[in-house]
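the sequence isn't on hand, but the structure is:
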């Protein structure tokens, strides 16, 4: 009886060990693949004066790579910049931060207040006024670099 019990234990181990190894390997593969596809932070870029928003989208995508998920101005244009609109946008796309720009100037002297808003709590984590909007690409690059630095976005 003792020998039979030892023999059945060995047979069980011969089945359990390979199954456990396959299960661990499959779990490792799944979590590694999921981690690579899932962005670390999700950012929505509100439609700003052209080409500022497009430049921010381009630069943040290049800087953050797969570690950042970006909802661009084409998509966010369906949402107003009001508190309710921003809350709906955040809920619909599960964004963590919103890049917004508010017009401060007049038609003769356009100015903008760029802001990075943390969705949880509506806290402004970065704000900067821009007086000279003539070079929209330069302004967009500046904003994207400030946002990347504030959020510690790793370059891929």
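Arrived safely. As the structure is a prediction and not an experimental result, all values here were calculated from the model.

just give the nearest non-adjacent residue to residue 57, would you?
Spatial nearest neighbour of residue 57, chain neighbours left out: residue 72 (4.9 Å); criterion: Cβ to Cβ, 6 or more residues apart in numbering. In short, each C-beta sits where N, CA and C put it, glycine included.

residue 120 too?
residue 96 (7.5 Å).

next: residue 39.
If the residues on either side of it in the chain are set aside, residue 39 comes closest to residue 69, at 3.4 Å by Cβ to Cβ, 6+ apart.

what is the mean pLDDT for stretch 89-107?
Averaged across stretch 89-107, the pLDDT comes to 91.

roughly how far apart are the residue nearest to residue 57 and residue 84?
According to Cβ to Cβ, to the nearest Å, residue 72 and residue 84 sit 21 Å apart.

looking at those two, which has the bigger crowd around it?
Ranked by neighbour count (other Cβ atoms under 10 Å), residue 72 and residue 84 place residue 72 first, with 19 against 9.

that older thread, what sits against the residue nearest to residue 120?
41, 42, 43, 118, 119, 120 (Cβ atoms under 8 Å, 6 or more residues apart in numbering).

for the one helix or strand residue 126 maps to, packing partners?
Applying DSSP states H and E as the criterion places residue 126 in strand 123-130. Applying 3 or more Cβ pairs under 8 Å, 6 or more residues apart in numbering; DSSP states H and E, we find strand 123-130 packed against strand 112-118, helix 136-150.

buried residues in the shortest one?
Think strand 112-118. 112, 114, 115, 116, 117 (16 or more other Cβ atoms under 10 Å).

distance to residue 133 and pLDDT added to these, as CSV?
Listed next are the buried residues of strand 112-118 as CSV, based on distance: Cβ to Cβ, whole Å; pLDDT from 0 to 100:
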residue, distance to residue 133, pLDDT
112, 6, 94
114, 10, 97
115, 15, 96
116, 18, 97
117, 20, 96
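
could I get the full set of helices for the chain?
2-37, 52-64, 73-76, 83-93, 136-150 (DSSP state H).
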